[in-house]
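Participant: Below is the sequence, then the predicted model.
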Amino acid sequence: MKFDLLATDPSSKARAGTLSTAHGNLETPIFMPVGTAATVKGVHQRELRNDIKPDIILANTYHLYLRPGTSILEKAGGLHQFMQWEQPILTDSGGYQVYSLSANRKIKEEGVKFKSHIDGSYHVFTPESAIAIQRSIGADIIMAFDECTPFPCDYQYAKTSMERTHRWLQRCISAHQEMPFQYGFEQYLFPIVQGSSYTDLRKASAHFASEQEAPGIAIGGLSVGEPADIMYAMTETVCAILPESKPRYLMGVGTPINILENIALGVDMFDCVMPTRNARNGMLFTAHGTLNIKNKKWEADFSPLDPEGYCFADLEYSKAYVRHLFTVNEMLGKQIATLHNLSFYLWLVREARKHILAGTFGPWKAKMVHQMQVRL
């Protein structure tokens, strides 16, 4: 993997770069739409390619392992072929999903035994099996298996969990080195920094991950309920240690404001279900604030959803029309809202990149954060 750092904003630590993979280049900072189960919910691959145009999407090891299963993916020739997506893909290792199954899992040194949320069957994930499953999936960038700690958690739990995550990382690296690639291209393994909300643990984990000489490094265990100021403090602490020559991926973050603030701290890559999940519930993000499209105030508002020009297609749907679709429970309403939110997120990070390259990111970010705090 080659990462070219092209510019750093003079007023912050924001970075613009280019990351190369077997399926194409990524221009950072970047947002990855979440395609958990081999689909970005409510979006056709044709719309992704032609309208949204993300450089990369994210899929999930846990969900794809359960359905359709690795044997189906291997018969299809990997996830790219299975879902007919030619661009890069990143897979989470399943650690976050195991965290979310706290009532139905048991963590041991060997790995994690968990109960499927689908049928109650028991399964075991180990560092080695997480790599093997991601081999079968065939993503370009894969994650080390880790434990995502809850917030809050006590210091000793966070320390024990972090140290186990480090041991699991070494096992992931060994498995990654020993297992052949299945589809004729190289996969790149990212370690994950943990340590909860404790500065000394975050520093220790950032140093440990940096020492592994991986092609990139992820920051996990944030956006799990902690206040935003703690998220920013931990991100700043970690980014101060991570090598400048490697891309930095903050997992599961977040709101548009979260993304801009973390870009300013030196993060390059983001993913979150928020734009698609909130869209299905009628919440739309815009450059001038968020709005609930189901509110009656939009009933006769024929202005477009996207005044800033980040429209996902040639058609400019009005607020009144999209509200009508939600009112009559038409599927198209949720689809339009999803396309809108994804378009906005992609527009936001691409505008951030332009301003980083131009040296104007600081004042632009301040203006955008102020605007996006408004509830329309």
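Facilitator: Received, thanks.
Participant: How about the strand or helix carrying M231, which residues are buried there?
Facilitator: Using DSSP states H and E, M231 sits within helix 228-239. Neighbour-count burial for helix 228-239, counted by 16 or more other C-beta atoms under 10 Å, picks out 228, 231-239. Just so you know, the C-beta spots here come from the backbone N, C-alpha and C atoms, and that holds for glycine as well.
Participant: which one of the residues you listed is nearest D268?
Facilitator: Lowest distance from D268 to those (C-beta to C-beta) belongs to C239, with 9.7 Å.
Participant: Can you spell out which residues form a bridge with F190?
Facilitator: M143 (DSSP bridges).
Participant: How much space separates it from Q84?
Facilitator: For F190, the distance to Q84 (C-beta to C-beta, to the nearest Å) stands at 25 Å.
Participant: got it, and R135?
Facilitator: On the measure of C-beta to C-beta, R135 and Q84 end up 20 Å apart.
Participant: Looking at the two, which one has more neighbours?
Facilitator: R135 (21 against 11; other C-beta atoms under 10 Å).
Participant: Which secondary structure elements does the strand or helix carrying the more buried one sit against?
Facilitator: Here R135 sits within helix 127-137, counting by DSSP H and E. Applying 3 or more C-beta pairs under 8 Å, 6 or more residues apart in numbering; DSSP states H and E, we find helix 127-137 packed against helix 61-66, helix 70-76, strand 89-92, strand 141-143, helix 155-178.
Participant: so which of these gets nearest G289?
Facilitator: Ranking the helices and strands packed on helix 127-137 by their distance to G289 (criterion: C-beta to C-beta) puts strand 89-92 first, at 30.0 Å.
Participant: That closest one pairs with which strands, and in what direction?
Facilitator: Each strand paired with strand 89-92, and its direction, by DSSP bridges: strand 57-60 (parallel), strand 141-143 (parallel).
Participant: Out of those, which one sits most buried?
Facilitator: strand 141-143 (a mean of 26; mean count of other C-beta atoms under 10 Å).
Participant: and which of the buried residues of helix 228-239 is nearest S161?
Facilitator: M234 (14.9 Å).
Participant: So the residue nearest the centre of the chain versus T36, what's the distance?
Facilitator: Computing the C-alpha centroid of the chain and ranking residues by C-alpha atoms, centre = their mean puts D271 first, at 1.8 Å. Per C-beta to C-beta, D271 is found 10 Å from T36.
Participant: any common contacting residues for the two?
Facilitator: Common neighbours of D271 and T36 (criterion: C-beta atoms under 8 Å, 6 or more residues apart in numbering): L58.
Participant: Tell me which helix or strand in the protein has the weakest average pLDDT.
Facilitator: helix 95-100 (a mean of 74; mean pLDDT, DSSP states H and E).
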